[in-house]
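Trainee: Fold the following, please.
(one chain, ligands or ions: 1)
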Amino acid sequence: MLGRVLGAVLAVTAGLGAAHTASAAELRPDQVRFREIYKELVETNTSLSVGSCTEAAAKMGARLKAAGFTDSQLTYFSVPEHPKDGGLVAILPGTSKTAKPMLLLGHLDVVEAKRADWTRDPFVLIEENGYFYGRGTSDMKVIDATWVDMLIRFKEEKFQNKRTIKLALTCGEETLEAFNGADWLAKNKRDLIDAEFALNEGGGGRADANGKLQAQGVQVGEKVVQQFRMETTNAGGHSSVPIRDNAIYQLAQGLLKVRDYEFPLQMNDTTRAFFSKVGVGRNDTMGQAMLAIARDPNDKAAEAELNKDRGFHSMLRTTCVATLLDGGHAENALPQRAGANINCRMFPGNTMEQTKAALEAAINDPGVKLTPLQPIRAKPTPPPLDPKIIGPMEKVAAKYFPGVPLVPTMSTGASDAIYLSPVGIPTYGVPGFWSGPEGSGAHGLNEHMSAASVYTGRDYLTDLVKAYAGG
Ligand SMILES: [Zn+2]
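Mentor: Model prediction:
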């Protein structure tokens, strides 16, 4: 998950250009080793069907051990039912007794990729015309490789980090079927990953068609998925003698009410900062509306303008939409049952109960039953727009991305941050890497990232973690 929000919505006046692309021959020795880690991760298949996160975690652990991490600083974890969905927590102790630890989070698993559909082998790291291709090159093995490489460099440099730096490499982010390591660590090994804050995927930048970086995003909070089964039942009967009372019609009426129901506008510090920062950079009606809504969330004209953009519309409220449909049991019978799946994306801070009550009030028919489906998420607390976190991000960005605005974003999707925030570890999606207007192919075909993004993003994040950890 990278740059999704920025990708969909930005039209900021351009800042300075991206760094030039280094060819493999011009790489610094430290970049050569980083590239090897990146390659090893991409070429270790970690998809649910045939891959193994456990194997990828073991390879990263071996590299850390070779760099001087002791066995007690490396904790491998898995559960017997999911032997291939294991992970690793590595700890680089800090020198300070008072500074709280920080956590680097990365999921090792990737979305399935079919060789026949891709132009190149998805499980071989291929560098071509200034781009790296392969499953996970963007989501999110580039960040995993950066975290591992960083810890090795800190060891080698004998970096005197004040804060303890923890790294958690986990599995199961991309699918509900696998064992989710971030969820498991939060519930079972809270002490091991205890940290004042965590850095994760979900942020990132956006370049224009000429490779010029337009903005960098830091993800501060995300919407939460909650699904409902909507169902109607009826006595049914022979279809030759129909009556108006019909499970399918009743469900259809309810679905139209869901379509027409608009959840009330909500804003938080992140979305307010997003709209005011992006609005300043635009010279159009939408930009005016962004500034207006940031000043006054009751500005109905501004809201109406923003609602024309489906991304902004979703950022401003909880949304619920019908995504699956079933009903009836025979072509010549009146239906005894009809059902639909309602997929909701709750604004941070909203609960399943509030969302269900709002839908039931809108449907206004006790015959239409709504049942929440698992998983029912704990109410997340959005991380604060903390200057101690955002300040260093801006300061280091001024060195690597001069003139490029750093914009707080709230993702309309979800990442493993949803497991850490309920246990009191505010989690931020880091800026640094970026994609072009075509996107990164994450979850889709021919996933890629420019070499300029890979090497500059890595340098940016290394300096950023140094700034947080103190030396
Ligand atoms: Zn991801």
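
Trainee: quick check: longest helix of the chain.
Mentor: Counting by DSSP state H, the longest helix found in the chain is helix 451-469.

Trainee: Now do it: which elements does it pack against?
Mentor: Identification of packing neighbours for helix 451-469 by 3 or more CB pairs under 8 Å, 6 or more residues apart in numbering; DSSP states H and E yields helix 29-42, strand 102-107, strand 131-133, helix 141-157, helix 387-400, strand 434-435. To be clear about C-beta, it is placed using only N, CA and C from the backbone, and glycine gets the same treatment.

Trainee: what about dumping the CA coordinates of that helix to CSV?
Mentor: Extracted C-alpha coordinates of helix 451-469, given in CSV (Å, rounded to 0.1, in the frame of the first residue of the first chain):
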residue,chain,number,x,y,z
ALA,A,451,15.5,3.1,-9.0
ALA,A,452,15.7,6.8,-8.1
SER,A,453,12.8,6.3,-5.6
VAL,A,454,14.4,3.1,-4.2
TYR,A,455,17.8,4.6,-3.5
THR,A,456,16.6,8.1,-2.4
GLY,A,457,13.8,6.7,-0.3
ARG,A,458,16.2,4.4,1.4
ASP,A,459,18.6,7.3,2.2
TYR,A,460,15.7,9.4,3.4
LEU,A,461,14.4,6.8,5.8
THR,A,462,17.8,5.9,7.1
ASP,A,463,18.4,9.6,8.1
LEU,A,464,14.9,9.8,9.4
VAL,A,465,15.3,6.9,11.8
LYS,A,466,18.6,8.3,12.9
ALA,A,467,16.9,11.6,13.7
TYR,A,468,14.2,9.8,15.8
ALA,A,469,16.7,7.4,17.5
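
Trainee: how about it: buried residues?
Mentor: 451-466, 468-469 (16 or more other CB atoms under 10 Å).

Trainee: Over to stretch 75-84?
Mentor: 75, 77, 78, 82, 84.

Trainee: out of these, what pair is the most spread apart?
Mentor: Largest separation among those by CB to CB: 75 and 84, giving 17.9 Å.

Trainee: ok so, going back, can you put the buried residues of stretch 75-84 in a markdown table and add pLDDT, secondary structure and distance to the ion?
Mentor: Conversion of the buried residues of stretch 75-84 to a markdown table gives the following (pLDDT from 0 to 100; DSSP: H, G, I helix; E, B strand; the rest coil; distance: CB to the ion, whole Å):
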| residue | pLDDT | secondary structure | distance to the ion |
| --- | --- | --- | --- |
| 75 | 98 | strand | 22 |
| 77 | 98 | strand | 20 |
| 78 | 97 | strand | 20 |
| 82 | 96 | strand | 19 |
| 84 | 97 | strand | 18 |
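
Trainee: Out of these, flag the one nearest to residue 310.
Mentor: Checking these against residue 310 by CB to CB gives residue 82 as the nearest, at 36.2 Å.

Trainee: excluding its backbone neighbours, what's nearest the closest one?
Mentor: Of all residues not flanking residue 82 in the chain, residue 179 sits nearest, at 3.6 Å (CB to CB, 6 or more residues apart in numbering).

Trainee: Next, work out how far apart that neighbour and residue 41 are.
Mentor: Residue 179 sits at a distance of 19 Å from residue 41 (criterion: CB to CB, to the nearest Å).

Trainee: between those two, which one's more packed in?
Mentor: A count of neighbours by other CB atoms under 10 Å puts residue 41 above the other of residue 179 and residue 41, at 26 against 21.

Trainee: surely that one meets residue 146?
Mentor: No: at 10.4 Å, residue 41 does not count as touching residue 146 under the criterion of CB atoms under 8 Å.

Trainee: Could you give the number of residues near the closest residue to the ion within the stretch 151-300 of the chain?
Mentor: Of all residues in the stretch 151-300 of the chain, the one sitting closest to the ion is residue 201 (4.9 Å; CB to the ion). By the criterion of other CB under 10 Å, residue 201 has 28 neighbours.
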